[in-house]
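> Sequence plus the predicted model coming up.
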Amino acid sequence: MNKGLEQDLTDFLNLYHLFTTIENKCSDKVLIEGTVNVVNLNGEFLESYEVVIIFSKKNYPHTIPNVVEKSCKIIRHWDNHISPQGECCLSIPHALLKMENKGIVLKDFYSEVIYPFFANYHYKKLSGRYANGEYEHFDEGIIQYYREVFSLTDPIHIGKIIEAALGNYEYPSYLLCPICGIRKYKKCCRKIIYQLRLYGKQRLQEDLKIFLKISQKIPPTENVRGI
């Protein structure tokens, strides 16, 4: 176990006393088992959830922890952002990938992602809706992400931007944007392209298929190239 992970794990267990590491036959995985106690703003107990947090030793901190809800208090349905096996869909994939690229600190990931997931579910159970809204499921969630984060709605335009992000060619910043032709490239689509590249080619290829399908274009199956 690298020193950074060892220290982060110690910090997490010292801060969250209801968690402990559990023996794991797979040497590359860290398994942490414990209880998420949801409380209100006054610190009053509302509900508890038994969970297991799993992540890679080798890739830490550039790895996304997987969280499984063991107590079965969350109804297994995608409307609750949980799989039939209890795996929690903690956030939209793009948001998690940005965290992964930056590097995840375990105690911060718990406070910023894991705990809010369970607190938000409890709020929905009482009120019928999530406190801060939610992403749609599957392809619709990806479409929503591009709309809300990048203010993009045209699937053909989005497809061209993703194709440019997948390519290696750098357009001259001072020329008219080759994607939409509205402004100079540096003040137009370039910023979005640079942000998209942070998600990695695999994620972008999956996104591209979604938007090409919407725009009734059939993507090449084995050779996705930049424009």
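Structure's in. What do you need? Numbers count the residues shown, from 1 in each chain.
> mind listing the strands in this protein by residue range?
Assigned by DSSP state E, the chain shows strands spanning 19-21, 29-39, 45-56, 66-69.
> Among those strands, which comes closest to L198?
Smallest distance to L198 across the strands of the chain (C-beta to C-beta): 19.8 Å, for strand 45-56. (C-beta placed from N, C-alpha, C; glycine too.)
> The closest one pairs with which strands?
strand 29-39 (antiparallel), strand 66-69 (antiparallel) (DSSP bridges).
> buried stuff in that strand?
Across strand 45-56, burial judged by 16 or more other C-beta atoms under 10 Å covers 47, 49, 51-56.
> got the strands paired with strand 45-56 as TSV, with mean neighbour count, mean pLDDT and distance to G103 columns?
Compiled in TSV, the strands paired with strand 45-56 are given as follows (neighbours: other C-beta atoms under 10 Å; pLDDT from 0 to 100; distance: least, C-beta to C-beta, whole Å):
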stretch	mean neighbour count	mean pLDDT	distance to G103
strand 29-39	17	96	16
strand 66-69	20	98	17
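> Any regions of this protein where pLDDT drops low?
1, 26, 217-227 (pLDDT under 70).
> try 80
Where the chain drops to pLDDT under 80, the residues are 1, 23-27, 132-133, 168-169, 216-227.
> Where do the domain boundaries of it fall?
With automatic domain parsing as the criterion, the domains of the chain are listed as 3-127, 138-214.
> could I get the strands of the chain as TSV with distance to I162?
As requested, the strands of the chain are exported to TSV (distance: least, C-beta to C-beta, whole Å):
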stretch	distance to I162
strand 19-21	39
strand 29-39	32
strand 45-56	28
strand 66-69	27
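> Would you mind saying which of these lies nearest R76?
Using C-beta to C-beta and comparing those, the one that lies nearest R76 is strand 66-69, at 9.1 Å.
> CA atoms only for the closest one, dumped as PDB, please.
Below are the C-alpha coordinates for strand 66-69, written out as PDB (Å, rounded to 0.1, in the frame of the first residue of the first chain):
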ATOM      1  CA  ASN A  66     -17.600   1.800  -6.000                       C
ATOM      2  CA  VAL A  67     -20.200   1.900  -3.200                       C
ATOM      3  CA  VAL A  68     -22.600  -1.000  -2.500                       C
ATOM      4  CA  GLU A  69     -25.600  -0.500  -0.200                       C
END
